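1. Next one to model:
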Amino acid sequence: MSSRPTVLFLSHLLPYPPHAGAASRTYNVLRQLSLEFDVAVVMFSRLSHQRDAAAREHSRAALEQPSIKAWPAAPIPSEHSRARRVWDHLRSVVTSRSYLHFQYHSGDFRARLRDALSRAQPALIHIDSIDLHGWMNELPDRPTTCTHHDIESHALQRRAERSSAPVRWYIRHQASLVERVERTLCPSFAANLVMSPLDAERLVAIAPGSRTVVVPNGVDVQYFQPDPDLALDPERVVFIGSTFSHANSDAVEFLLADIWPHVRRRRPSATLMLVGGTSADERRRFEAIPGVRCVGRVDDIRPYVGAAACSVAPIRVGGGTRIKILDSWALGRAVVSTTVGCEGLQHQDRHNLLVRDDPPAFADAIVEVLRDERLRTCLGVRGRRTVDQHYSWDGVGRHLRHTYRSLIAS
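-> Numbering: from 1, shown residues only. As a prediction, the model looks like this:
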């Protein structure tokens, strides 16, 4: 590593390949920071991203660059042991500490963090999720930032609202514990990196005195370009996202149970393509529904989204901003979304997407896009313009690097 300032980067996932929303953001933030800083990455890995040690090492090696040093990723212990998962939940209940505090407790991670600190003196520490708050005591006294992919306690409250009674109580309990962490720690960070002004408002309401900096999700606008040579299927609808994420799983269930039947009654030739990781059981169940096909995880979503007439984001839970919408906009596709799905983004109904929350109305919007070539073209062109103006990773990265230069200088 060079003599440039070093950023110690703690990540709750190994962000390669950058296919899922959080992984895509983390990967691009790393890439942007490495243009000006040396970055030492200490990270966990997730089973839904890397299935075994060989996959973890392959992804770690792919992540490294001359200015990025990546330590071997530590598996999340509870993903590999049911007993550990139960024990972590029990400890959370008994101690009234967030489950996340115990979930990310790992001897492997501690060893790699201490090794990284012995080899590099960071000028700044970047914590890529409040999930890693349990490691604060291991860190030196340096300007420290925390990324909020969403406002975690708020996202948990939303999830609780759509859960059954016994589970609802526990998720609300966890939301209160995470909110206490946010209220305690966030005012102490040099900066809280949030996805949108809306998330900034939510965080400050929970943790008054917190310094927020909006660093939105972005798009590689050179990589994601509309392809005029790609044949568009005017009957195809696409959903992007792995169902290993609760927000995506809820969205797919909502789409298939409450929205898709209305679409098929009005448009029997319509097809729905689900692009992203699913379990074998889910795939069998989903593909039993007329017109539905599961593609699974793919290395490149562009051919699938680019060939679709309509991209959908029927999100009801979670927070932050949706990279699936940004990617669809960048590819010039018309988007239909719920209010939750597009919150925090620069959007206007019937300008750069259609916003509907009622299932029949959502279905009507999909059918309108399939039928009306002029409408879907206008939505796609304006969506691309929105990305170019507000969500290019190059522009987002310049803002982030300026923020970090200022924090280090001060």
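2. Strands of the stretch 201-350 of the chain, residue ranges please.
-> 212-214, 233-240, 271-275, 292-296, 308-313, 334-337 (DSSP state E, counting those that start in this stretch).
3. Any chance of a markdown table for those, columns mean neighbour count?
-> In short, each C-beta sits where N, CA and C put it, glycine included. Below are the strands of the stretch 201-350 of the chain laid out as a markdown table (neighbours: other Cβ atoms under 10 Å):
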| stretch | mean neighbour count |
| --- | --- |
| strand 212-214 | 18 |
| strand 233-240 | 21 |
| strand 271-275 | 23 |
| strand 292-296 | 16 |
| strand 308-313 | 27 |
| strand 334-337 | 28 |
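4. Export those strands as CSV, with columns for mean pLDDT.
-> Shown next, in CSV, are the strands of the stretch 201-350 of the chain (pLDDT from 0 to 100):
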stretch, mean pLDDT
strand 212-214, 97
strand 233-240, 97
strand 271-275, 97
strand 292-296, 95
strand 308-313, 97
strand 334-337, 98
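5. who wins for proximity to Leu124 among those?
-> Leu124 sits nearest to strand 212-214 of all these, at 13.1 Å, using Cβ to Cβ.
6. The closest one - contacts with which helices or strands?
-> Packing partners of strand 212-214 (3 or more Cβ pairs under 8 Å, 6 or more residues apart in numbering; DSSP states H and E): strand 191-194, helix 197-206.
7. low-scoring stretches of the stretch 101-250 of the chain, by residue?
-> By pLDDT under 70, the stretch 101-250 of the chain has no low-scoring segment.
8. about what we covered before: could you identify which of the helices and strands packed on strand 212-214 is most buried?
-> Greatest average neighbour count among those goes to strand 191-194 (a mean of 25), per mean count of other Cβ atoms under 10 Å.
9. And the contacts of it?
-> Applying Cβ atoms under 8 Å, 6 or more residues apart in numbering, the external contacts of strand 191-194 come out as 145-148, 151, 186, 200, 203, 210-215, 400, 403, 407.
10. Which of those fall in helices?
-> Those of the contacts of strand 191-194 mapping onto helices are 200, 203, 400, 403, 407, per DSSP state H.
11. Can I get those in JSON lines including distance to Pro314?
-> Formatted as JSON lines, the ones in helices among the contacts of strand 191-194 follow (distance: Cβ to Cβ, whole Å):
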{"residue": "Ala200", "distance to Pro314": "26"}
{"residue": "Leu203", "distance to Pro314": "26"}
{"residue": "Leu400", "distance to Pro314": "31"}
{"residue": "Thr403", "distance to Pro314": "34"}
{"residue": "Leu407", "distance to Pro314": "38"}
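12. from these, which is closest to Arg374?
-> Using Cβ to Cβ, the ones in helices among the contacts of strand 191-194 come closest to Arg374 at Ala200, 36.9 Å.
13. before we move on, back to that, is it possible to export the strands of the stretch 201-350 of the chain to TSV including distance to Leu35?
-> Listed next are the strands of the stretch 201-350 of the chain as TSV, based on distance: least, Cβ to Cβ, whole Å:
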stretch	distance to Leu35
strand 212-214	18
strand 233-240	28
strand 271-275	30
strand 292-296	33
strand 308-313	30
strand 334-337	30
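14. Just the helices from the stretch 251-400 of the chain, written as ranges.
-> Listed in chain order, the helices of the stretch 251-400 of the chain (DSSP state H, counting those that start in this stretch) span 260-266, 280-287, 302-306, 323-330, 339-342, 359-371, 373-390, 393-409.
15. Now the fifth one: buried residues?
-> Residues of helix 339-342 classed as buried under the neighbour-count rule (16 or more other Cβ atoms under 10 Å) are 340-342.
16. ok, now stretch 91-105?
-> Quick answer for stretch 91-105 (16+ other Cβ under 10 Å): 92, 98-105.
17. got the domain boundaries for the protein?
-> If you go by automatic domain parsing, the domain ranges for the chain are 6-218+392-409, 233-390.
18. pLDDT wise, what is Ser2 at?
-> pLDDT for Ser2: 60.
19. The chain should start at 45 in everything you say after this.
-> Sure, I'll start counting at 45 from here, so that last one is Ser46.
20. returning to that earlier point: the domains of the chain: which one's closest to Phe268?
-> Of all the domains of the chain, it is domain 277-434 that lies closest to Phe268, at 3.6 Å by Cβ to Cβ.
21. Endpoints of the closest one, how far apart?
-> Separation of the first and last residues of domain 277-434 by Cα to Cα, to the nearest Å is 29 Å.
22. cool, stretch 373-388 as well?
-> End-to-end span of stretch 373-388 (Cα to Cα): 15 Å.
23. Equivalent analysis for stretch 135-149, please.
-> 12 Å.
24. try stretch 307-320
-> Where stretch 307-320 begins and where it ends lie 22 Å apart, using Cα to Cα.
25. Show me the contact partners of it.
-> With Cβ under 8 Å, 6+ apart as the test, stretch 307-320 has contacts from 63-64, 277, 279-287, 292, 296, 299, 304, 330, 334-342, 345, 348-349, 352, 407-408, 410-411, 414-415.
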